[in-house]
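Asker: this one's structure only:
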Ligand SMILES: Nc1ncnc2c1ncn2[C@@H]1O[C@H](COP(=O)(O)OP(=O)(O)OP(=O)(O)O)[C@@H](O)[C@H]1O
Ligand SMILES: [Mn+2]
């Protein structure tokens, strides 16, 4: 009886306690709701995406006062301020773990970059340059076989009235595999639905890799700079460590990591073929090639990645994963497997996780668009003792001029364009160049692999100009653009500095130091001098690719 009474009273005590706890929880929930509502200024629409954007915006502005001005001066995307978005992502992804790597000095640099951007915004030399007629030359209309890849025009499938045709057509980009992390895709003829990397591939033509004015270019850069990294493997071929990164929608990029300080000059006792590759050289080379009006380098962007989560945590490549270690300083490092510098004595290290890298848009797969690799006639000996033939024979160009494909068409002046680019950035490592097989010999030359450029600013390398000096020949449009860039009002160093500010990594530190920028002006003057000397001695220096155009493009009549 007593036990029964005691049991009942215990139960009622439990019941009272439960009710009390419920009431307290309700009170707490009500209080929280009221507080949150007042803290979050309600936007016009209360959709969750707006709320998120708002949070991100504030997050970014608290990290850098330059982000919004940086965004407004960069590529103009309809809705997303690119650089700001990049900063938001890196801040979100990297800052909580790597606070110590973002010290006061970095903050100061971010503000300085912001000031430069504001200065540039007032008067854009880059915009003025790209508006010049020399950068807007009329091009003959492209025929079907002038495009590297073409999807069949819609009319084909529709006109044929054959249902099977239209199914094949619409599903030709459909993914065959269902790999984890990838969306099942069904890309159609509607270009708007294609991811930026595919639009880049579809825009490759016989005469250039991309159209500078194509708005997809900014989207591609944004894609490379911000997309989630889904896969990483080591890229085979070549001598130094490179990684192949995969993004959603099947996009891929070639990664080169930062190995040395931006302003480190190449050791004078290192041969050109032993020099480290530089991530900022890949980025700057893309900008320089575009500023010169060539458009022959695949778009490259800089990005701050997290070595641990973006590489170590996801790679399936054992050759890579087994080379990870933590350095005595507590930084996460790796070295991979390759011919040069892939050892624990030459590690690639985060600080402790954050790592600057360059990401180059991948060209279409070789099975879709095979390429031919050509040995450069002015290739160096790649020996510590031997000289190449062109270094010994002053009449070497006469032989080259008589040898196909240099004996015909634009190949020789294309090669000289490449020498101009390489001399400006002091790249001695142009042993080969590539072309797309589909276009035969009548096509542009791909300027791939620029990692060994911008190694030394205090010295120029005259031998890189050997093709120009020995052949005394140059495209008229190239010469006129070089003259334009030598004008005080435009100045190559200024437009390069402005162009490089579009890269996300410019917010960490300038991609090229002042010394490298002024070396560009000095080298440009040397090139113009060489052409002048040629003109004094020869009559047929200029290859006139502007024939038939009425307009007088010459910015400095000579
Ligand atoms: N953007 C790209 N898309 C597709 N393939 C590329 C791209 N860039 C380079 N490659 C290919 O990868 C190969 C190796 O790249 P790269 O030349 O940059 O490496 P490397 O290690 O510097 O080579 P090397 O030591 O021979 O100079 C190139 O020969 C080229 O065929
Ligand atoms: Mn190389």
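Answerer: Everything's here; your move. For clarity, every value in this text was computed on a predicted model and none was experimentally measured. Ligands and ions are numbered 1, 2, ... in the order given.
Asker: how is the chain partitioned into domains?
Answerer: By the assignment in automatic domain parsing, the chain contains the domains 129-139+368-543, 178-361.
Asker: quick one: end-to-end distance for the longest one.
Answerer: Using Cα to Cα, to the nearest Å, the span of domain 129-139+368-543 from its first residue to its last is 23 Å.
Asker: that domain close to ligand 1?
Answerer: Yes. Between domain 129-139+368-543 and ligand 1, judged by Cβ under 6 Å from any ligand atom, the touching residues are 429, 448-449, 451. Using the backbone N, CA and C atoms, a C-beta is placed for each residue, glycine as well.
Asker: closest one of these to ligand 1?
Answerer: residue 449 (3.1 Å; Cβ to the nearest ligand atom).
Asker: quick revisit: dump the domains of the chain to JSON lines, plus mean pLDDT and mean neighbour count.
Answerer: Below are the domains of the chain laid out as JSON lines (pLDDT from 0 to 100; neighbours: other Cβ atoms under 10 Å):
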{"stretch": "domain 129-139+368-543", "mean pLDDT": "96", "mean neighbour count": "18"}
{"stretch": "domain 178-361", "mean pLDDT": "91", "mean neighbour count": "19"}
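Asker: same list (the ones you listed) but as a markdown table, adding distance to residue 123.
Answerer: Listed next are the domains of the chain as a markdown table, based on distance: least, Cβ to Cβ, whole Å:
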| stretch | distance to residue 123 |
| --- | --- |
| domain 129-139+368-543 | 10 |
| domain 178-361 | 17 |
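Asker: to residue 150, which of the ones you listed lies closest?
Answerer: domain 178-361 (7.4 Å; Cβ to Cβ).
Asker: from the residues of domain 129-139+368-543 next to ligand 1, which two are the most distant?
Answerer: Spanning the widest gap among the residues of domain 129-139+368-543 next to ligand 1 are 429 and 448, at 11.1 Å by Cβ to Cβ.
Asker: sorry, back to before: which one of the residues of domain 129-139+368-543 next to ligand 1 is nearest residue 290?
Answerer: residue 448 (14.9 Å).
Asker: quick one: contacts for the closest one?
Answerer: 297-298, 433-434 (Cβ atoms under 8 Å, 6 or more residues apart in numbering).
Asker: try 10 Å this time
Answerer: 238, 254, 282, 285, 296-298, 360, 363, 371, 373, 430, 432-434 (Cβ atoms under 10 Å, 6 or more residues apart in numbering).
Asker: with adjacent residues omitted, what lies nearest to the closest residue to ligand 1 within the stretch 1-150 of the chain?
Answerer: For the stretch 1-150 of the chain and ligand 1, the shortest gap (Cβ to the nearest ligand atom) falls at residue 148, measuring 13.0 Å. Distances taken as Cβ to Cβ, 6 or more residues apart in numbering put residue 204 closest to residue 148, at 4.1 Å, once the chain neighbours are dropped.
Asker: check the secondary structure at the residue in the chain positioned nearest to ligand 1 for me.
Answerer: Per Cβ to the nearest ligand atom, residue 238 is where the chain lies closest to ligand 1, at 2.3 Å. Each residue gets one of three states, and residue 238 gets coil by DSSP: H, G, I helix; E, B strand; the rest coil.
Asker: pretty sure it contacts residue 373?
Answerer: No. Residue 238 is beyond contact range of residue 373, at 11.9 Å (criterion: Cβ atoms under 10 Å).
Asker: helix or strand right after whichever strand or helix holds residue 255?
Answerer: Here residue 255 sits within strand 252-257, counting by DSSP states H and E. Scanning forward in sequence from strand 252-257 by DSSP H and E, the next helix or strand is helix 279-291.
Asker: what's the first helix or strand after that next one?
Answerer: That would be, after helix 279-291 and using DSSP H and E, strand 300-306.
Asker: list the helices and strands that following strand packs on?
Answerer: Under the contact definition 3 or more Cβ pairs under 10 Å, 6 or more residues apart in numbering; DSSP states H and E, strand 300-306 sits against helix 82-98, helix 216-226, strand 252-257, helix 279-291, strand 354-361.
Asker: next structured bit after the host helix or strand of residue 397?
Answerer: Assigned by DSSP H and E, residue 397 belongs to helix 396-402. Note on helix 396-402: by DSSP H and E, the next helix or strand toward the C-terminus is helix 411-425.
Asker: just the angle for that following helix relative to helix 279-291, thanks.
Answerer: Put simply, helix 411-425 runs at 130 degrees to helix 279-291, going by axes from the mean of the first three to the mean of the last three Cα atoms, to 10 degrees.
Asker: now helix 411-425: how far from the chain's centre is it?
Answerer: Relative to the centre of its chain, helix 411-425 is centred 21 Å away, using Cα atoms, centre = their mean, to the nearest Å.
Asker: how about stretch 355-366?
Answerer: That offset, for stretch 355-366, works out to 7 Å (Cα atoms, centre = their mean).
Asker: do me a favour and get the end-to-end distance for that stretch?
Answerer: One end of stretch 355-366 to the other measures 30 Å (Cα to Cα).
Asker: what's the strand holding residue 255 packed up against?
Answerer: The contact analysis (3+ Cβ pairs under 10 Å, 6+ apart) places strand 252-257 against helix 216-226, strand 231-234, strand 243-246, helix 279-291, strand 300-306, strand 348-349, strand 354-361.
Asker: switch the cut-off to 6 Å
Answerer: Other elements packing on strand 252-257 under the criterion 3 or more Cβ pairs under 6 Å, 6 or more residues apart in numbering; DSSP states H and E are strand 243-246, strand 354-361.
Asker: distance to ligand 1 for these - can I get that in a markdown table?
Answerer: Output for those, formatted as a markdown table (distance: least, Cβ to the nearest ligand atom, whole Å):
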| stretch | distance to ligand 1 |
| --- | --- |
| strand 243-246 | 9 |
| strand 354-361 | 4 |
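Asker: which of these sits closest to residue 130?
Answerer: Among the helices and strands packed on strand 252-257, the nearest to residue 130 by Cβ to Cβ is strand 354-361 (20.4 Å).
Asker: contact partners of whichever helix or strand comes after the closest one?
Answerer: The first helix or strand that comes after strand 354-361 along the chain, using DSSP H and E, is strand 371-375. For strand 371-375, the surrounding residues in contact (Cβ atoms under 6 Å, 6 or more residues apart in numbering) are 432-437.
Asker: pull up the pairing partners for strand 371-375, direction included.
Answerer: In the sheet, strand 371-375 lines up against strand 432-436 (antiparallel) (DSSP bridges).
Asker: quick one: the following helix or strand past the partner strand to chain centroid distance?
Answerer: Using DSSP H and E, the next helix or strand after strand 432-436 towards the C-terminus is helix 466-471. Remark: helix 466-471 is offset 30 Å from the chain centroid, using Cα atoms, centre = their mean.
Asker: what's helix 466-471 packed up against?
Answerer: Against helix 466-471 (3+ Cβ pairs under 6 Å, 6+ apart) you get helix 396-402, helix 411-425.
Asker: turn those helices into TSV, including distance to residue 314.
Answerer: Supplementary listing: those in TSV, determined by distance: least, Cβ to Cβ, whole Å:
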stretch	distance to residue 314
helix 396-402	47
helix 411-425	33
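Asker: closest one to residue 515 among those helices?
Answerer: For the helices and strands packed on helix 466-471, proximity to residue 515 was assessed by Cβ to Cβ; helix 411-425 is nearest, at 13.3 Å.
Asker: ok, and what's touching that closest one?
Answerer: Outside of helix 411-425, the residues within contact range by Cβ under 6 Å, 6+ apart are 285, 288, 405-406, 430, 445, 453-454, 464-465, 467-468, 474-475, 478, 520, 523, 527, 543.
Asker: ditto for stretch 127-144
Answerer: 205, 293, 480-481, 490, 495, 551, 553.
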